[in-house]
Every structure is written in C-alpha cells, then in structure tokens.
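Peer 1: any chance you could fold what I've pasted below:
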Amino acid sequence: MSKKIDSALKTLVKALTKHADAVGGSTVSLKKSQRTTAKVQAAATAYAEAVHTKSGLGSPFSDVIAPGLENSTIASLEAERDAIANGLTGPIPTQKTESL
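Peer 2: Prediction:
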C-alpha cells in the first residue's frame with residue numbers, strides 16, 4: 001500500500017472513530033458533532049485525493065448519499081450566488097430606522 005494512502009486511511013479511521021464516539025452516546029453535543037463531522041469530511045477528501053493521485057481512480061465516496069439539500073435547491077442557491085458575484089442583481093433594499 002502507498003505510504004500516502006496508508007496515512008490518509010489511518011487519519012480517516014481515527015476521524016470516523018471520534019465521530020462515532022461524539023454522536024453515538026446518549027447525549028449529543030451539536031458543536032462536537034459538527035467538529036468531528038468536519039474532520040471526517042476533510043479526512044475522506046484527503047483519502048480520495050491520495051487514491052486518485054496514486055491510481056487515477058475516482059473517489060470511493062462518489063456514490064455515498066449526502067443528507068442535506070436537494071439538488072434543485074443547491075442549483076438554485078449556486079445560481080443566486082453566481083448572479084450576486086457577477087453583479088447581475090440590483091442593490092439590496094434597506095430600511096432606515098428612526099432615531100430615538
């Protein structure tokens with residue numbers, strides 16, 4: 001096994017173990033679960049990159065269903081973001097407040 005793949009695998013397993021500990025208990029801390037989720041995502045990305053660099057194969061996680069927003073919602077948000085970035089939207093209306 002490649003040293004980089006082996007290292008990325010160890011990091012991924014460690015991140016998954018910490019995530020399971022964080023979310024598998026009787027009480028779940030939102031902040032801790034979010035931190036461990038971010039570490040799992042980063043470790044999975046690093047592993048997929050190591051595999052791709054060594055073998056040229058795609059991500060082993062490409063078929064994993066991602067819970068979250070639907071594709072149509074993501075597409076709509078991306079279009080809105082791009083429109084804002086390209087200056088295709090008008091100014092955002094503001095309201096003045098009365099001074100007390």
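
Peer 1: roughly how far does the spatially most central residue of the chain sit from Val28?
Peer 2: Nearest to the mean C-alpha position of the chain, counting by CA atoms, centre = their mean, stands Gln41 at 5.7 Å. Applying CB to CB, to the nearest Å, the value for Gln41 to Val28 is 18 Å. (Each C-beta comes from the backbone N, C-alpha and C, glycine too.)

Peer 1: what strand or helix carries the nearest residue to Ile5 once chain neighbours are set aside?
Peer 2: Excluding the flanking residues, the one nearest Ile5 by CB to CB, 6 or more residues apart in numbering is Ala50, at 4.7 Å. If you go by DSSP states H and E, Ala50 is part of helix 30-55.

Peer 1: name the helices or strands packed onto that helix?
Peer 2: Under the contact definition 3 or more CB pairs under 8 Å, 6 or more residues apart in numbering; DSSP states H and E, helix 30-55 sits against helix 3-23.

Peer 1: could you give me the average pLDDT of the helix it packs on?
Peer 2: Here helix 3-23 scores 94 as its mean pLDDT.

Peer 1: the inter-axis angle of that helix versus helix 30-55?
Peer 2: 160 degrees (axes from the mean of the first three to the mean of the last three CA atoms, to 10 degrees).

Peer 1: list the contacts of helix 3-23.
Peer 2: 1, 28-29, 32-33, 35-37, 39-40, 42-44, 46-47, 49-51, 53-54 (CB atoms under 8 Å, 6 or more residues apart in numbering).

Peer 1: gap between Lys10 and Ser62?
Peer 2: Using CB to CB, Lys10 is found at 22 Å from Ser62.

Peer 1: quick one: what helix or strand has Ile74 in it?
Peer 2: Using DSSP H and E, Ile74 sits within helix 71-85.

Peer 1: and for Gly87?
Peer 2: Here Gly87 is assigned to no helix or strand, by DSSP H and E.
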